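K.L.:
just a sequence and a predicted model for now, questions to come.
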Amino acid sequence: MKAGAVTPGQKDSARLVEMALSSLEPNEVLVKVREVGIDGTDMEINSGKYGEAPPGQDFLVFGHEALGEVEDPGKADFKKGELVVPIVRRPDSCINCRSGQPLKATAKNAG
């Protein structure tokens, strides 16, 4: 799959990269991106101000504001074709996270 990426700390390093699809973990869903926005955070990361690549990678995928369609729901409580809005935050103290529904609540609001 193709993804927009930057090399953290390297100014103007935005580019398309080819990435292999990994197998789904039990709580993961494969989502095909339909629309993606590049915002101020992405521009700041591309200017080299901050950002960190995941372990084992030399790049960071950007474009955290997106609309996607579930391709493979795996074992999660989603349906193929359902529109979703991916989140980049880990569960925190928001009302949905406190009730144990950070992902499904987000998906319900997506469309």
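P.N.:
It's in.
K.L.:
all contacts plus neighbour counts: C-alpha atoms, from now on.
P.N.:
OK.
K.L.:
can you pull out the helices in this protein?
P.N.:
In order along the chain, the chain carries the following helices (DSSP state H): 40-46, 95-98, 102-108.
K.L.:
so for the shortest one, mean pLDDT?
P.N.:
Across helix 95-98, pLDDT averages out at 72.
K.L.:
show me what that helix is packed up against.
P.N.:
For helix 95-98, not one helix or strand is in contact under the criterion 3 or more C-alpha pairs under 8 Å, 6 or more residues apart in numbering; DSSP states H and E.
K.L.:
how about residue 86, nearest residue that isn't a chain neighbour?
P.N.:
Distances taken as C-alpha to C-alpha, 6 or more residues apart in numbering put residue 66 closest to residue 86, at 6.6 Å, once the chain neighbours are dropped.
K.L.:
before we move on, the earlier item: lowest mean pLDDT across the helices of the chain, which one is that?
P.N.:
helix 102-108 (a mean of 48).
K.L.:
measure the nearest residue to residue 53 once chain neighbours are set aside to residue 38 for me?
P.N.:
Closest residue in space to residue 53, ignoring its immediate chain neighbours: residue 60 at 4.7 Å, by C-alpha to C-alpha, 6+ apart. Distance of residue 60 to residue 38, computed by C-alpha to C-alpha, to the nearest Å: 14 Å.
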